[in-house]
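Chemist: Got a sequence here, can you model it:
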Amino acid sequence: MSARLGLVALLVRDYDEAIAFFTQALRFVLVEDSDRGGGKRWVVVAPRGGGTGLLLARAVTPEQQAQIGCQAGGRVFLFLDTDDFDGEFAHMQAQGVRFAEQPRNEDYGKVVVFLDLYGNRWDLLQPT
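Modeler: The predicted structure follows:
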């Protein structure tokens with residue numbers, strides 16, 4: 001028997017602005033965008049090289065809205081691995097992605113912390 005992490009739900013303010021950010025700034029693929037009625041959609045984006053996708057979940061209640069951009073309490077929440085750190089970093093800079101620091105080399109690889117459009121912290125990482 002095997003198991004894998006299928007999707008990670010990410011609270012967003014608006015489906016379309018989130019789709020634009022992930023598909024343009026991070027070059028993710030829009031896997032699915034299905035109308036579920038009542039203003040609800042099933043929206044999945046994923047890194048173009050495969051892997052676990054993000055279910056973009058529009059926050060509806062005040063409690064959900066309060067968590068947008070703070071899903072990990074200010075810690076790095078998600079890790080985006082790449083085999084072309086410099087190319088991805090340059091593309092993200094050109095797209096206006098906000099970075100919390102300058103790129104650095106660590107024992108485990110080249111890394112930089114960036115913020116998604118809502119302020120969630122991510123690592124862009126090229127493992128050694």
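Chemist: measure T23 to R104 for me?
Modeler: 28 Å (CB to CB, to the nearest Å). Yep, even glycine has a C-beta here, placed from its N, CA and C like the rest.
Chemist: more neighbours, those two?
Modeler: Under the neighbour definition other CB atoms under 10 Å, T23 and R104 were set side by side, and T23 has more, 14 against 10.
Chemist: tell me the SS of the more buried one?
Modeler: Here T23 is helix, with the state taken from DSSP: H, G, I helix; E, B strand; the rest coil.
Chemist: Dig out what the residue nearest to it when sequence neighbours are not counted forms beta bridges with.
Modeler: Counting by CB to CB, 6 or more residues apart in numbering, the nearest residue to T23 once its immediate chain neighbours are dropped is L30, at 5.6 Å. When assigned by DSSP bridges, L30 has beta-bridge partners V45.
Chemist: and L30, how many neighbours does it have?
Modeler: With other CB under 10 Å as criterion, L30 counts 13.
Chemist: And for Y118?
Modeler: With neighbours defined by other CB under 10 Å, the count for Y118 comes to 18.
Chemist: quick one, what contacts the nearest residue to it once chain neighbours are set aside?
Modeler: In this structure, Y118 finds its nearest non-sequential neighbour in G69, 3.6 Å apart by CB to CB, 6+ apart. G69 is in contact with D116, Y118, G119, N120, counting by CB atoms under 8 Å, 6 or more residues apart in numbering.
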